[in-house]
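Peer 1: I would like to see how this sequence folds:
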Amino acid sequence: MAQTDWHELEEHRFAKRVATAMENLVRDRNARALVVVAPPRTLADVREALNPAIKKRIIAEIGKDLTKYPIYEIEKHLHHFVD
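Peer 2: Predicted coordinates:
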């Protein structure tokens, strides 16, 4: 019997929470376009958890971990997606 990978299980749960938050954002604030930024594996998990209506609103996906980047570096990655 295989051992449970608790860290991986929590990563999947986190991705589902992010997907739910995105759905709430679209519903509550009528977000028309979404840019999703996450490490590649997390991005895949979030993508899998999203419903098709939300997926249609995604205009870009960036498979990169930007959590340790300063704001100005993050802005460089996102500037061409902002009006």
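Peer 1: Okay, and the closest residue in space to L66 that isn't next to it in sequence sits in which element?
Peer 2: Leaving aside its chain neighbours, L66 sits nearest to I74 (5.1 Å; criterion: C-beta to C-beta, 6 or more residues apart in numbering). Using the backbone N, CA and C atoms, a C-beta is placed for each residue, glycine as well. Here I74 sits within helix 71-78, counting by DSSP states H and E.
Peer 1: what sits up against that helix?
Peer 2: For helix 71-78, the external contacting residues (C-beta atoms under 8 Å, 6 or more residues apart in numbering) are V35, V37, I62, K64, L66, Y69.
Peer 1: In JSON lines, list those along with distance to E23 and pLDDT.
Peer 2: JSON lines is the format used below for the contacts of helix 71-78 (distance: C-beta to C-beta, whole Å; pLDDT from 0 to 100):
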{"residue": "V35", "distance to E23": "16", "pLDDT": "94"}
{"residue": "V37", "distance to E23": "17", "pLDDT": "95"}
{"residue": "I62", "distance to E23": "20", "pLDDT": "94"}
{"residue": "K64", "distance to E23": "23", "pLDDT": "95"}
{"residue": "L66", "distance to E23": "22", "pLDDT": "96"}
{"residue": "Y69", "distance to E23": "26", "pLDDT": "96"}
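Peer 1: ok, which stretches of this structure are helices?
Peer 2: Along the chain, counting by DSSP state H, helices occupy 6-29, 40-49, 52-55, 71-78.
Peer 1: mean pLDDT lowest for which of these?
Peer 2: For the helices of the chain, mean pLDDT drops lowest on helix 71-78, to a mean of 92.
Peer 1: Report the buried residues of the helix holding I74.
Peer 2: For helix 71-78, burial by neighbour count (16 or more other C-beta atoms under 10 Å) applies to no residue.
Peer 1: Extract the C-alpha set from that helix and format it as PDB.
Peer 2: The C-alpha coordinates for helix 71-78 follow below in PDB (Å, rounded to 0.1, in the frame of the first residue of the first chain):
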ATOM      1  CA  ILE A  71       6.800  44.000  -7.300                       C
ATOM      2  CA  TYR A  72       8.600  45.700 -10.200                       C
ATOM      3  CA  GLU A  73       9.700  42.400 -11.500                       C
ATOM      4  CA  ILE A  74       6.200  40.900 -11.300                       C
ATOM      5  CA  GLU A  75       4.900  44.000 -13.200                       C
ATOM      6  CA  LYS A  76       7.400  43.200 -16.000                       C
ATOM      7  CA  HIS A  77       5.800  39.800 -16.400                       C
ATOM      8  CA  LEU A  78       2.300  41.300 -16.400                       C
END
